[in-house]
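J.: Everything below, folded, please.
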Amino acid sequence: MTKNKPNSGGRPLSYRPEDVYAIVEELLTAGTPTDEITTTLVKDRLCLVYSASKSIRPEALQRLIDDAVEEFISERNDRLIADLPGSVKASLDDFMAGAHHSFSLMLAEQNQLAKQETDKRLDEVVADKRSAQWLITELEMKIETLEREKETISAERDHQTAEADGLRKKLAAANVEMSRLRGGNDMLQQMLNNMQMLGARSDEGSLKPSP
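T.: This next block holds a predicted model:
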């Protein structure tokens, strides 16, 4: 079991990391559960057995404890596997090969199903995209048609407006001319009336008897 752990920084440790590893190994070998190997337990043993200072930082000590537990368990598992009989290892290798094949086949089938679903969804997306593009093209054509109709209507409106303006001008000119002619006619009528009055007076004078 590795027991030399460098200090990661900060003030120097008041104890040796290898002492922490030794305490953890003793506890695990004695059957102490990993969740009971606390910083308090290890600190007390460091102070008692290795005369460490009581001002031990729990954070740094906990990191060493975690590393020691992980390393001890890993080494123990490696030893257990190494102690297996050759026949068991061979059977295990065959089993693992079969399990690997079965697991690979299961993953391959799931991958194929996922691929088919993805391809199906992709085809749907492509179809939706094409439909959207066709709809956009159709709407753009309608917009162009409406724009052309709008231009035609605007041109017709402008033409009719200009024609109406021309008719208004002609009507105004006709009104002026009628007023002028009506005025001239009134003068002529007045002259005729005056002449008639003068003629009537002349006739009255000629009809009087001579003295």
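J.: How much space separates residue 149 from residue 135?
T.: Distance from residue 149 to residue 135, counting by Cβ to Cβ, to the nearest Å: 21 Å. C-beta here means a position set from N, CA and C on the backbone, and glycine is covered the same way.
J.: Same check on residue 117?
T.: Computed with Cβ to Cβ, the distance linking residue 117 and residue 135 is 27 Å.
J.: Repeat that for residue 57.
T.: Taken as Cβ to Cβ, the span from residue 57 to residue 135 is 69 Å.
J.: same question, residue 160
T.: Going from residue 160 to residue 135 by Cβ to Cβ gives 37 Å.
J.: low pLDDT regions in this protein?
T.: 1-13, 184, 200-211 (pLDDT under 70).
J.: and residue 97, how many residues sit next to it?
T.: For residue 97, the neighbour count with other Cβ atoms under 10 Å is 10.
J.: what's the answer for residue 71, then?
T.: Residue 71: 17 surrounding residues under other Cβ under 10 Å.
J.: Helix or strand for it, just tell me which one.
T.: Taking DSSP states H and E as the definition, residue 71 sits inside helix 58-82.
J.: any idea how far that helix is from the chain center?
T.: Distance of helix 58-82 from the chain centroid (Cα atoms, centre = their mean, to the nearest Å) equals 47 Å.
J.: In that helix, which residues are buried?
T.: Across helix 58-82, burial judged by 16 or more other Cβ atoms under 10 Å covers 60-61, 63-65, 67-69, 71-72.
J.: following it, which helix or strand comes up?
T.: As assigned by DSSP H and E, the chain's next helix or strand after helix 58-82 is helix 86-207.
J.: Tell me the gap between that following helix and the middle of its chain.
T.: Put simply, helix 86-207 sits 32 Å off its chain's centre (Cα atoms, centre = their mean).
J.: angle of that helix against helix 58-82?
T.: Helix 86-207 and helix 58-82 are oriented at 120 degrees to each other (axes from the mean of the first three to the mean of the last three Cα atoms, to 10 degrees).
J.: burial count for residue 15?
T.: Residues near residue 15, counting by other Cβ under 10 Å, number 21.
J.: Was I right to think it contacts residue 46?
T.: Yes: here residue 15 reaches residue 46: they are 5.1 Å apart, a contact under Cβ atoms under 8 Å.
J.: and for those two, which residues touch both?
T.: 52, 56 (Cβ atoms under 8 Å, 6 or more residues apart in numbering).
J.: any idea how far residue 40 is from residue 16?
T.: 19 Å.
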